[in-house]
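A.B. asks: Sequence and predicted structure, then a few things I'm wondering about:
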Amino acid sequence: MVSIQNTSNVYTLKNVYSLKKNTLSKIISNLKGNADDSILFPFIDSYNQNEFTDKDFEDIDSLLEGYFEGYLYFKNVSTKKQIENEVKELLIKTGNYEKLYEALITNPYSLEKNVLAKIGKIVFFNTLAETKNSYPDFVKGNVLYKNNYILDSVNFSCELKEDLRLNILWYKANSSEDIFNCIREDNYFKGILVENNCGIENFYCGFKMIETASNNDIVICYKKCFENVPTIVQSINKLLEA
């Protein structure tokens with residue numbers, strides 16, 4: 001049963017997993033404080049490899065296992081080929097290529113740890129790079145801002161967090177159709193609402209889909225109180241009842 005819970009300026013739509021995406025898009029569209037405000041979604045344009053730390057590679061062993069065992073999914077066939085070429089170049093530079101390549105094919109885990117770590121990073125960054133190679137058309141023509149700011153992915157709040165690892169494109173999606181396209185691309189979508197002619201730093205509402213133990217929720221946080229927030233909540237309730 002879908003329901004709305006309210007704590008201060010935070011509204012949580014509980015148990016939304018069963019809702020159709022066109023209903024979700026209408027809910028997001030109804031979050032506007034004013035009709036001419038903009039709804040912005042983030043899209044990762046590229047990654048700054050020098051800003052990554054050892055902590056980012058803590059799960060690299062499982063990534064390597066997926067690559068070596070053949071169950072790591074790639075959106076693009078070219079990504080796998082690119083990884084193969086970069087690994088080959090690495091082995092050539094390391095020296096004793098034929099022996100290392102044989103080990104890579106027959107028993108990759110027998111390679112030295114530093115070589116495995118480098119292969120892991122090759123797989124890691126090429127996998128990340130796939131996002132840049134899959135620009136949806138509706139992103140390209142609607143970009144308003146490019147920066148390093150993203151909504152906190154761990155502790156949701158109405159604040160943007162700088163992440164120098166990421167180059168983010170913030171693009172507008174104001175119609176229900178545009179929003180539908182956005183959430184179809186990302187099941188765990190997030191975004192913000194900005195008043196007309198205001199910079200991204202002055203956004204007044206943030207939202208994101210989160211996974212819970214048994215379902216999905218949408219968390220909505222208003223940074224300031226609009227007189228029509230009760231009306232917004234009422235309109236969402238009507239959508240849920242329909």
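C.D. replies: Nice, I can see it.
A.B. asks: Could you use CA atoms for every contact and neighbour count after this?
C.D. replies: Fine.
A.B. asks: Give the pairing partners of the lengthiest strand in the chain; include direction for each.
C.D. replies: If each strand of the chain is counted by residues according to DSSP state E, the longest one is strand 38-47. Next to strand 38-47 in the sheet, as set by DSSP bridges, lie strand 166-172 (antiparallel), strand 190-194 (antiparallel).
A.B. asks: in the next helix-or-strand element following that strand, what's buried?
C.D. replies: Counting by DSSP states H and E, the next helix or strand C-terminal to strand 38-47 is helix 60-69. By neighbour count with 16 or more other Cα atoms under 10 Å, helix 60-69 contains the buried residues Ile60, Leu63, Leu64, Tyr67.
A.B. asks: Let's have those residues in JSON lines, adding pLDDT and distance to Asn107.
C.D. replies: Rendered in JSON lines, the data for the buried residues of helix 60-69 read as follows (pLDDT from 0 to 100; distance: Cα to Cα, whole Å):
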{"residue": "Ile60", "pLDDT": "88", "distance to Asn107": "18"}
{"residue": "Leu63", "pLDDT": "90", "distance to Asn107": "16"}
{"residue": "Leu64", "pLDDT": "92", "distance to Asn107": "13"}
{"residue": "Tyr67", "pLDDT": "93", "distance to Asn107": "13"}
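A.B. asks: Which pLDDT value does the model give Phe156?
C.D. replies: According to the predicted model, the pLDDT of Phe156 comes to 59.
A.B. asks: swap in Thr131?
C.D. replies: We have a pLDDT of 65 for Thr131.
A.B. asks: just Lys224 next, same as before
C.D. replies: 66.
A.B. asks: The closest residue to Val139 other than its chain neighbours: neighbour count?
C.D. replies: Ranked by Cα to Cα, 6 or more residues apart in numbering and with sequence neighbours excluded, the top spatial neighbour of Val139 is Tyr171, at 6.1 Å. Neighbour count for Tyr171, taken as other Cα atoms under 10 Å: 23.
A.B. asks: same deal with Ile83?
C.D. replies: Here the count is done by other Cα under 10 Å, and Ile83 has 19 residues near it.
A.B. asks: Shouldn't it be within a strand?
C.D. replies: No: per DSSP: H, G, I helix; E, B strand; the rest coil, Ile83 lies outside any strand segment and is helix.
A.B. asks: how far does stretch 209-223 sit from the chain's center?
C.D. replies: Averaging C-alpha coordinates over stretch 209-223 and over its chain gives two centres that are 15 Å apart (Cα atoms, centre = their mean, to the nearest Å).
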